[in-house]
Each structure stands twice: as structure tokens, then as C-alpha cells.
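**Student:** the following block contains a protein sequence and its predicted model.
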Amino acid sequence: MFALVDGNNFYASCEQLGQWELRGKPLVVLSNNDGCAIARSAEAKALGVKMGHPAHELGDLVRRHGLLMRSANFALYGDMSARVVDVLRDAVPHIEVYSIDESFLDLSRVRNRVAFCQELRNRIRRWVGIPNCIGIGPTKTLAKAANKLAKKGPGVVDLSGEAARSEALRGYPVEDLWGVGRKWTAKLEAMGITTAAQLRDAPPDLILERFGVVLRRTQQELNGLSCMGIEEVEPDRKQVMVSRSFGQCVESHEAVMQAITTFSEIACTKLRKRGLVASAVGIMANSDPFRPDLRQHHPSRTVALPRATSDTSMVLGIIRVLQRGFLKDGCAYKRGGVVLLDLARPENLQADMFNPATVGNTAMMETMDKINRRFGRGSLGLAATGWQAKPQWGMRQNNLSRHFTTRLSDVPTAHC
């Protein structure tokens, strides 16, 4: 038996948690460079703000209805997510962190599931402050569907019973099912399948023939047959990519490469956190495709490494070689990125007779990571990156809130 715990309007709720003046107000959290809406409070949704709504089109709502906008503060959201997960780990032995605001729980040992989830929901609200809903079901797909139904008012919905499940699926749109995208929705509707119940009862061979094993698995889950278990350990990734849009178009080759090296440092940190090493490095840059009046250039380069590494300084040395002739004069670049490829665990690599399988200063990297974990990312860095700088390529974050849970200087002051 599974439960899915999902934070309501998570990014917006995190913003409201430390800023009392935002509570009860229409609030939108914007994407990188303040481009479009990626989270909305209930009040903002009532005003008609959609996901992906461009920020420049919200001016009228700001003037007429007092719509508030905040730049994305992912350090804050990540910290609040970790606090919610700590509460969940204290409550159940097996948990899968599915995303920053969603986690699956194993409730197989819980007797009174609804009462347990009601108490857990209240505990998260009391201890962390994040409003949330919980869906219960015998499969992950049904738990996900139950969670969506719980957001409409009850807070906790249990679809473990056959009667409750059949009633809920009869009116559940197939487009809202986990893993069913727009293309499949259109194809299913053309076949007369518009609800989850109709998909559940469709001929299995027909679903397998026309959609493949993925949707067939969803169909089995709708019938109460669990095809996916709790994944407590995240599977090893095949690649790590860090890519960002710049706050403005950048012509300086030095500035663009500084951005790419900064992203490389972030990527290597992620690599070491997962205990992996990379055997190939790729870099990329893009001019603004929405500015046809500007000269366009979209270069990319990839190189295989003689030995795998997770050492940031080694990766930056490779990038210094790749950058020769990489960019063109007279081009204004809007995006850059780095990708680390052919990832593996060091113990699984085959060394040769004369050299170890990996290369790099492991002790120095571990020391850097410990310092940055303790004092905050950016406390220690390499000079080739944008470390402790306000670079030309920096993102637009004109409405960034304080880091009130991760930075001492931003902790709110209590006045008596």
C-alpha cells in the first residue's frame, strides 16, 4: 500500500512561510531570469494565472489585483523539502523522494491508514509549515490519482477499497493520469477513452499494441496490480547536465566561458555527491533563438577522457582546451552549459596495469565539499569560475526573497 505526500503550491508556500505579508495574497513564483510562472498560490490561480504564464503579461493583474511576484529561490525550496522529508523518514521506514515536493511512502505496515495520514499531514504543517495533501492507493498510479483528488478539499483520500476506487476513476480525466501526456490523451480520446475507468477496462492487448508497455503498466496499476515499488535509492545517472540562461546576451568570450566553468563546478559537485565519476565532458553555448536580428551560433563540443574523474580542477583543464575557437566574435550568447557523460562508480571501472581507473585530487575535493556544505555553496571555489562575483552573465532575479533558513544574515529578527 502506497501514499503520496505532495506539498500544496510548494514554491509559493515556501515563500509565504517566511514572509507573513505574502499570506492570503495572490503570489506567483517566476522561473530563472524571471521569465514565466512556475508556481502559483491559490489566490493567483483564482485570478487566472496559468503555469508558464509569461511574466511580462502579468502587469495588469499586478496593478488591478495586487498580484505579487517572487524570483525562484531554489536554495530555500531545497531546504524546506529536506525538512519535510525528515518528518516523513521519522514516520515510516521506507520512503521514495520522487521530486522536490513529492514523496511516496510504504504504508504496508500501517493499519488505520487514513488516521495515520491525517496525523502525518498535520505534523508536517505544524513542524515545517508546508500545507500538503496525501493520496493512498494499492499502486503508485492510484496513490497519485488519490492525491490529486485530495487537493480538491478532503486533504487525505484513500483509494485502497474497490468501491471507492471505481467511483473515483469513473469521473477522473485520463489526461490527469500520471504518465499520460498530451499526445497519448489525444490518441486515447480518439478511441473513445476519456476517463481513467475506461482506460482501466480497455482491452489489454489493444493498449499494448497501440501504446506499448508503459501505458499497459499504467492500466495494470489502475486495476490494483502494483508494477512499481518504492525506490529508496536513486538509480545511478548516465549523465549530469547543468545549463542556464543568462540574464542578458553576452558577447564577451571570457564571460561566457566563466559561466560554463561555473556550471562545471556545480556539475562536479553533484557528481561527487552521488559517488560517481565521468569519462567524457561536453560544453555548449547558444545565442538567442528569439532574436533573429542577431547573429546566430549554437556550438557544442564533447571529448572522451583518458581516465574518469570527478575532480573539478581536472574538468576545468579539459574545458580550457575545448574553448579554443569555440565561440565566434560578434555573437551575443544567451545560454551556456556543461554535461558530464559516461558516468560510473569508481569501484566498477577497470584499471590497466600501469594506471588507476580514475584520476584527481580526492582529498582536496572532499575538503571543498565539506566547507561548502557547512558554510554554504560558494564559500570556497576555484578562481576560473564566477565564485563570489557578480558576473555579466548572472541571472535576473529582481524579486528574490531572503534565504531565511540557509543564511545567517537573512534569519528574521524577532522584536519584543
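**Tutor:** Perfect, I can see it now. This is a predicted model, so every value here is computed, not measured. Residues are numbered from 1 along each chain as shown.
**Student:** contact partners of the host helix or strand of residue 121?
**Tutor:** In the assignment (DSSP states H and E), residue 121 maps to helix 113-127. The set of residues external to helix 113-127 that reach it, using C-beta atoms under 8 Å, 6 or more residues apart in numbering, is 1, 3, 5, 83-84, 87-88, 91, 107, 110, 130-134, 136, 155-156, 158, 160. The C-beta positions use only the backbone N, C-alpha and C, and glycine is treated the same way.
**Student:** any of those buried? List them.
**Tutor:** The neighbour count (16 or more other C-beta atoms under 10 Å) marks 1, 3, 5, 84, 87-88, 91, 107, 110, 130-134, 136, 155-156, 158, 160 as buried among the contacts of helix 113-127.
**Student:** can you show me the strands along the stretch 101-250 of the chain?
**Tutor:** 102-106, 132-137, 156-158, 240-250 (DSSP state E, counting those that start in this stretch).
**Student:** most tightly packed of these?
**Tutor:** A comparison of the strands of the stretch 101-250 of the chain by mean neighbour count, using mean count of other C-beta atoms under 10 Å, puts strand 132-137 on top with a mean of 26.
**Student:** helices or strands up against that strand?
**Tutor:** strand 2-7, helix 113-127, helix 140-150, strand 156-158 (3 or more C-beta pairs under 8 Å, 6 or more residues apart in numbering; DSSP states H and E).
**Student:** taking their axis directions, that strand and strand 102-106 sit at what angle?
**Tutor:** Taking axes from the mean of the first three to the mean of the last three C-alpha atoms, to 10 degrees, one finds that strand 132-137 is oriented at 40 degrees with respect to strand 102-106.
**Student:** and the helices and strands packed on strand 132-137 as TSV, adding distance to residue 217 and mean pLDDT?
**Tutor:** Listed next are these as TSV, based on distance: least, C-beta to C-beta, whole Å; pLDDT from 0 to 100:
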stretch	distance to residue 217	mean pLDDT
strand 2-7	15	96
helix 113-127	24	96
helix 140-150	9	96
strand 156-158	22	95
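**Student:** residue 402: which of those is closest?
**Tutor:** With respect to residue 402, and counting by C-beta to C-beta, the nearest of the helices and strands packed on strand 132-137 is strand 2-7 at 20.0 Å.
**Student:** now do the closest one against strand 102-106, angle only.
**Tutor:** Using the same axes, to 10 degrees: strand 2-7 against strand 102-106 is 150 degrees.
**Student:** so what strands line up beside strand 2-7?
**Tutor:** Next to strand 2-7 in the sheet, as set by DSSP bridges, lie strand 102-106 (antiparallel), strand 132-137 (antiparallel).
**Student:** need those in TSV with mean pLDDT, can you?
**Tutor:** Formatted as TSV, the strands paired with strand 2-7 follow (pLDDT from 0 to 100):
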stretch	mean pLDDT
strand 102-106	96
strand 132-137	96
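**Student:** would you list the ones you listed in a markdown table and tack on distance to residue 18?
**Tutor:** Below are the strands paired with strand 2-7 laid out as a markdown table (distance: least, C-beta to C-beta, whole Å):
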| stretch | distance to residue 18 |
| --- | --- |
| strand 102-106 | 22 |
| strand 132-137 | 17 |
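**Student:** and those: which comes nearest residue 340?
**Tutor:** Closest among the strands paired with strand 2-7, using C-beta to C-beta: strand 102-106, at 26.3 Å.
**Student:** which other residues reach that closest one?
**Tutor:** 1-7, 84-85, 88, 91-98, 140, 143, 230.
**Student:** quick one: buried ones out of those?
**Tutor:** 1-7, 84-85, 88, 91-92, 95-97, 140, 143, 230.
**Student:** residue 314 - how many residues pack around it?
**Tutor:** 21 (other C-beta atoms under 10 Å).
**Student:** just checking, what packs against the helix or strand harbouring it?
**Tutor:** For residue 314, the host element (DSSP H and E) is helix 312-322. Applying 3+ C-beta pairs under 8 Å, 6+ apart, we find helix 312-322 packed against helix 253-273, strand 278-287, strand 300-309, helix 362-375.
**Student:** residues contacting residue 210?
**Tutor:** 187, 191.
**Student:** and it, how far from residue 188?
**Tutor:** Using C-beta to C-beta, to the nearest Å, residue 210 is found at 9 Å from residue 188.
**Student:** one step back: quick one: closest of the helices and strands packed on helix 312-322 to residue 175.
**Tutor:** Nearest of these (C-beta to C-beta): strand 278-287, 32.2 Å.
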